[in-house]
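Q: Could you look at this predicted model? Sequence included:
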Amino acid sequence: VADAVAEGGKGPAWLDSARMAKQETDGTDWVHDGRTYSAQRYSPLTQINASNVNQLGITWYDELDTYRGVEATPLYADGVIYNTLPWNITMAYDARTGKRLWTYDPQVPREFGRYACCEPDARGLAMWKGKIIINTLDGRLIALDAATGKPVWTVQTFEHDMPYTITGAPRVFDGKVVVGNSGGDLGVRGFAAAYDAETGKKLWKFYLTPGDPAKGPDGEASDSVMAMAAKTWAGEWWKLGGGANPWDSISYDPKLNTVYIGTGNGSPLSWHYRSQSKGDNLFVCSIVAVDATTGKYKWHYQMVPEEDWDFTCTSSIVSADLKIKGRMRQVIMQAPKNGFYYVLDRKTGEFISAEKIAPVNWALGFDKKGRPIMNPAAHYGTDPVLVMPSAGGAHNWFPMGYSPRTKLAYLPTYEWGMVYARDPNYQAKPFRSNSGWGGYTGDALKKRIALQAEAAKMEKAFLTAWDPVAQKAVWKVPLPRHGNGGVMITGSDLVFEGTTKQTFAAFDARTGKILWEMPVQSAPVGGAITYMLDGVQYIAVNAGWGGGAAQVERGAGTELPRASARLLVFKLGGNVQLPPLKADEKIPDPPPVTANEATIARGAQLYAQTCQGCHGQQAIGGVRDLRKLTRAEHAKFNDIVLGGISKDKGMASFADLLKQDEVDAIHAYIIARANEDWGRSSESAAPH
Ligand SMILES: O=C(O)c1cc(C(=O)O)c2c(n1)C(=O)C(=O)c1cc(C(=O)O)[nH]c1-2
Ligand SMILES: [Ca+2]
């Protein structure tokens, strides 16, 4: 890459602290997940603006050859775009031509796909001093030579004694790579760890739930902090690990030398089964601040004590300096799944304010210290309860942004509720989905269906502009359905977002007026980036619908026919057309239903626990719509599920998890679903 040489001639993607600091005012590059350490996803570039954005068009695109969700925010430096896909397949592009310079496939063993709740996604990558740094679903952290894509060092960040995965981006903070992990919905012990970006040497590890007290200090967690946390738990929580996985946002303040770790739900998800309905369960659904050098605890703020709903405080953690009540405050802001927008002092962790971004009923308000006043009625028993928002979140991982010009935050919001009840027959199973929910029958099932129908009536989705000082929405643009993408904001006051209409759009940051919108055949869900090359401003985004929101849409039968994922690059006057969308494949003649109803019902339950993460609720859509299996594929069902013959396509054998009669029940369920929807195309499938 002849001209891909940074200032100082140190080679491509030569990012160091000095160049990182320059990003604050210089919009040429996009070198960090959230662009700068403040993670505002704001670029000062103004060449593309309200007067010309209607001329924006595609200048090149690349076929990414996957129907899985592409959630990554790409990076750009020195004429090269870096991108990462499901299974952590990573590539570099010549940004002038769109030609791939290298592709690195870390060969993630496909059986790890089953431990990813919401597809084997990768939300991003990092760079440091000529290296591109990725993590992998199976827990490796790999530094690649930015020029060649060849590994320079590799470390393993966890053992495989529990079903850990990684989907979040690694971040480099002044030479330290900080990584989190996932698995809170299955049962693991969440932690964050830091490594030296140049050598891969481990620097620190911070556990986010306490371990088995009988085992004493585990050598890596701070004893006094873990002792404090252990007091907030009951029972034998450590058996499933406790959860609190930092599966998305981890942020940093260089001046305070502080890393902010956003943590997820507990394992199991039900507070009753996790901790006997006792205690706050630190550090579940919290932001934990640690010293960047040592990993030592500084402070924490727990957004959801007594977590019971798969609320998650892993969403974007954005820093800004705000004038609040006449005083400049250094804050961090987060809109986690739980429906509130939080503003905290990033030095002390002091709670400044929180306000609802969507209907909420699990909390009734906040006390003086910022502890939520819990609504006891939202803690469900075996009788179903409608809780707002839902496990999908009023705002999930879709990147939030903040403009220092408009002083507004921008984020996709979602109004909905979900019916929760405890499964009376729950048995913890390692390496499986462990919610402790469901198992409804009889009257409980009837009540659940009625309550969920009520919740469906209030379903709304928006792009929301939020004033974090006044704590109120300034404008909201209604969008169809859940799962709208992350945002990117420019110095010309444009907000870019991918929508569930399968468009990429620009909004006026001050009014929400839509200024430009282009159909792109798949909803871009991750964050877009913008950069300057040869005096021209470009915008790049992955259009690859998928992830947790897509599962819900599939279950509701509202997923649109779409193209395989693409990296799209736009500029003013770009005039490249996408090829026409292929006609939707109809459900072919399925084998007849021969199983009895009980077997099909059992198959439905096993399907929900084991298959729907990739193949969609109700067997609709997903990476392969199983209603569309051919007769020949049906005949090979066992060889695929137990024999692993489709391993190369990402479908590893489930022989260690499923017995023959279970596979037969799942197969019976899929055949029943195919017969129900036979002759329809995916978008017209009836919801159940
Ligand atoms: O508790 C966890 O460890 C965990 C992990 C992940 C993940 O890694 O993708 C998600 C969630 N939880 C989750 O609750 C959730 O809603 C979710 C959505 C998505 C996605 O990629 O769309 N991932 C995850
Ligand atoms: Ca979760």
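A: On my side now, so go ahead. Ligands and ions are numbered 1, 2, ... in the order given.

Q: do you know how far residue 400 is from residue 487?
A: 7 Å (C-beta to C-beta, to the nearest Å). Any C-beta I mention is one placed from the backbone N, CA and C, and that applies to glycine too.

Q: try residue 258
A: 25 Å.

Q: what sits against the residue lying farthest from the centre of the chain?
A: Centroid-distance maximum for the chain: residue 594 at 39.5 Å, with C-alpha atoms, centre = their mean. By C-beta atoms under 8 Å, 6 or more residues apart in numbering, the residues touching residue 594 are 668, 671.

Q: and the gap between residue 321 and residue 341?
A: From residue 321 to residue 341 the distance is 17 Å (C-beta to C-beta).

Q: Those two - which one has more neighbours?
A: More neighbours surround residue 341 than the other of residue 321 and residue 341, with 27 against 11 (other C-beta atoms under 10 Å).

Q: isn't that one right up against residue 355?
A: Yes - using C-beta atoms under 8 Å, residue 341 is in contact with residue 355, at 5.6 Å.

Q: okay, and the common contacts of the two?
A: residue 471.

Q: returning to what we had before: more neighbours: which of residue 258 and residue 487?
A: Just comparing residue 258 and residue 487: by other C-beta under 10 Å the higher neighbour count belongs to residue 487, 29 against 20.

Q: Residue of the stretch 1-150 of the chain closest to ligand 2, please.
A: Minimum separation of the stretch 1-150 of the chain from ligand 2 (C-beta to the ion) falls at residue 117, amounting to 6.2 Å.

Q: for the protein, which spans come out with low pLDDT?
A: Low-confidence segments of the chain (pLDDT under 70): 1-9, 217-221, 679-688.

Q: Residue 91 is in contact with residue 105, isn't it?
A: No - using C-beta under 8 Å, residue 91 is not in contact with residue 105; the gap is 9.3 Å.

Q: Just give me the neighbour total for the closest residue to ligand 1 within the stretch 51-200 of the chain.
A: The nearest approach of the stretch 51-200 of the chain to ligand 1 comes at residue 184, 2.7 Å away (C-beta to the nearest ligand atom). Neighbour count of residue 184, defined by other C-beta under 10 Å: 34.

Q: Surely it is in contact with residue 274?
A: No - counting by C-beta under 8 Å, residue 184 stays clear of residue 274, with 10.7 Å between them.

Q: okay, and the common contacts of these two?
A: Residues within reach of residue 184 and of residue 274 at once, by C-beta under 8 Å, 6+ apart, are 243, 266, 267.

Q: Same list, the residues you listed, but as JSON lines with neighbour count, distance to residue 236 and secondary structure please.
A: Formatted as JSON lines, the shared contacts of residue 184 and residue 274 follow (neighbours: other C-beta atoms under 10 Å; distance: C-beta to C-beta, whole Å; DSSP: H, G, I helix; E, B strand; the rest coil):
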{"residue": "243", "neighbour count": "33", "distance to residue 236": "14", "secondary structure": "strand"}
{"residue": "266", "neighbour count": "33", "distance to residue 236": "13", "secondary structure": "strand"}
{"residue": "267", "neighbour count": "33", "distance to residue 236": "12", "secondary structure": "coil"}
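
Q: Next up, phi/psi of the residue of the stretch 551-688 of the chain found nearest ligand 1, please.
A: Distances between the stretch 551-688 of the chain and ligand 1 by C-beta to the nearest ligand atom are smallest at residue 551, namely 8.1 Å. Residue 551 adopts backbone torsions of phi -60, psi -40, taken as degrees, to the nearest 10.
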